[in-house]
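Colleague: Sequence and predicted model, in that order:
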Amino acid sequence: GEDVEQSLFLSVREGDSSVINCTYTDSSSTYLYWYKQEPGAGLQLLTYIFSNMDMKQDQRLTVLLNKKDKHLSLRIADTQTGDSAIYFCAESKGGSYIPTFGRGTSLIVHP
Amino acid sequence: NAGVTQTPKFQVLKTGQSMTLQCAQDMNHNSMYWYRQDPGMGLRLIYYSASEGTTDKGEVPNGYNVSRLNKREFSLRLESAAPSQTSVYFCASEDSTMGQFFGPGTRLTVL
């Protein structure tokens, strides 16, 4: 079946930039999402990008999409301790298709 | 606008007991989902409902049943709980472009 892969852990120093990477296999994916899960909470949609876009910026967040390589990244500028969480990448073809989630990347921010 | 709500937040069951996890959304979404989240396993889809009156099995449906009571509500039932069902359960509803909206989760322990 279709697959979404992420590395499990990322550790950064406070104030640095974080880059979380994701690869997917379904070339017909239409929507690509990043979710954030804080400890003890549900997943919260952070941002999404349509497959016909290369980049989307939203304050400290930058999403880059390389559709040829099926690679999605989330860059967090000026990472803060409050950014420590698990970040999930997901893809969907929209409509009645079920989204596919990666296993999540745990971002650890050191003071 | 409460989004997605789930009850209860915590539950402890003995092996063989039954219980129903409740989920409701007020965003008028057609699709709703039940996931379980276990350490190192990411999110696994149990059941989903593409619209009122329809339900379908996901990746791990064994030991569970669901009811899509109306457009707002989607419940998950464990008829005879087993220790392997100890997990955190998330309900989500879906906007066709903006992705899934998750509830806060139910933390279930089966002894």
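Modeller: Good, I have the coordinates.
Colleague: can you give me the strands for chain A?
Modeller: With DSSP state E as the criterion, chain A has strands at A:4-6, A:9-13, A:18-24, A:31-37, A:43-50, A:55-58, A:61-66, A:71-76, A:85-92, A:100-101, A:105-110.
Colleague: The nearest residue to residue B:31 once chain neighbours are set aside pairs with what?
Modeller: Among residues not flanking residue B:31 along the chain, residue B:94 sits closest, at 4.1 Å (C-beta to C-beta, 6 or more residues apart in numbering or on different chains). To be clear about C-beta, it is placed using only N, CA and C from the backbone, and glycine gets the same treatment. Beta-bridge partners for residue B:94, by DSSP bridges, are residue B:31, residue B:100.
Colleague: Assess the claim that residue B:94 and residue B:100 are in contact.
Modeller: Yes - counting by C-beta atoms under 8 Å, residue B:100 is a contact partner of residue B:94 at 4.8 Å.
Colleague: List the buried residues of the strand or helix carrying residue B:11.
Modeller: Using DSSP states H and E, residue B:11 maps to strand B:10-13. Neighbour counts over strand B:10-13 (16 or more other C-beta atoms under 10 Å in any protein chain shown) mark B:11, B:13 as buried.
Colleague: next helix or strand past it?
Modeller: Sequence order places strand B:19-25 as the next helix or strand after strand B:10-13, per DSSP H and E.
Colleague: what about that next one, near chain A?
Modeller: No - using C-beta under 8 Å from any C-beta of the partner chain, no contact is recorded between strand B:19-25 and chain A, whose separation bottoms out at 11.2 Å.
Colleague: just stretch B:33-48 next, same as before
Modeller: Yes - residues of stretch B:33-48 contacting chain A under C-beta under 8 Å from any C-beta: B:33, B:40, B:41, B:42, B:43, B:45, B:48.
Colleague: and the fifth one, what are its bridge partners?
Modeller: Yep, that's residue B:43 we're talking about. Counting by DSSP bridges, the residues bridging with residue B:43 are residue B:37.
Colleague: Tell me who's in contact with the residue of chain B most remote from its centre.
Modeller: Relative to the C-alpha centroid of chain B, counting by C-alpha atoms, centre = their mean, residue B:97 is the outermost residue, at 21.3 Å. Neighbouring residues of residue B:97 by C-beta atoms under 8 Å, 6 or more residues apart in numbering or on different chains: A:31, A:48, A:94.
Colleague: Adding distance to chain B, write these out as CSV.
Modeller: Compiled in CSV, those are given as follows (distance: C-beta to the nearest C-beta, whole Å):
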residue, distance to chain B
A:31, 6
A:48, 6
A:94, 6
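Colleague: Since that was my last question, I'll sign off now.
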